[in-house]
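In: got a structure for you, letters missing:
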């Protein structure tokens, strides 16, 4: 089992005390083995570290780390690659989790063309993104608050 897999298994079991050092070590190893540029392994390790940060409630660290992973993947794979859309989804869901609906809406709008290009306009991924976009729009424009009152 890889160090990264151990970290994610620990995180999945809510053993976040063990998960964070393992995820940090996996990222450090990827950086030293593959360098800063052109390393999808480093982007994967960085995204996994962001997930650990999110699980332990370190939302600002998670946001910065997800953004860094997304930028790395875009630089390596291009703006329309399906892996970039995974990072967009993770970051937009983080924004939902912390109530930053405007940021989620902007990110989903930015990512919709990439999702459509990667998965096709009639895909489940696009349907999910459109649903989240509608929910974010409703929150930012007060429709959810109006519906609950």
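Out: Noted; the coordinates are in hand. These numbers come from a predicted model, not from an experiment.
In: the bottom helix or strand of this protein by mean pLDDT?
Out: helix 3-12 (a mean of 48; mean pLDDT, DSSP states H and E).
In: Quick check: what element follows that one along the chain?
Out: helix 16-34 (DSSP states H and E).
In: Okay, buried residues for that next one please.
Out: Within helix 16-34, the residues that count as buried by 16 or more other CB atoms under 10 Å are 16, 19, 20, 22, 23, 25, 26, 27, 29, 30. Using the backbone N, CA and C atoms, a C-beta is placed for each residue, glycine as well.
In: which one among these gets closest to residue 50?
Out: residue 23 (8.9 Å; CB to CB).
In: What's the separation between that closest one and residue 100?
Out: To residue 100, residue 23 is 23 Å away according to CB to CB, to the nearest Å.
In: Quick check: closest non-adjacent residue to the residue sitting nearest the centre point of the chain.
Out: Nearest residue to the geometric centre of the chain (CA atoms, centre = their mean): residue 90, 2.6 Å. Using CB to CB, 6 or more residues apart in numbering and skipping residues adjacent in sequence, the residue nearest residue 90 is residue 66, 5.5 Å away.
In: Quick one: residues contacting that neighbour.
Out: Contacts for residue 66 (CB atoms under 8 Å, 6 or more residues apart in numbering) come out as 47, 50, 54, 87, 90, 91, 94.
In: now the angle from the strand or helix carrying it to helix 16-34?
Out: Assigned by DSSP H and E, residue 66 falls within helix 59-77. Put simply, helix 59-77 runs at 30 degrees to helix 16-34, going by axes from the mean of the first three to the mean of the last three CA atoms, to 10 degrees.
In: Could I get the buried residue list for helix 59-77?
Out: For helix 59-77, by 16+ other CB under 10 Å, it's 61-63, 65-70, 72-74, 76.
In: So what's the residue count around residue 57?
Out: 11 (other CB atoms under 10 Å).
In: how much space between residue 109 and residue 26?
Out: Where residue 26 is concerned, residue 109 sits at a distance of 32 Å (CB to CB).
In: Same check on residue 115?
Out: 28 Å.
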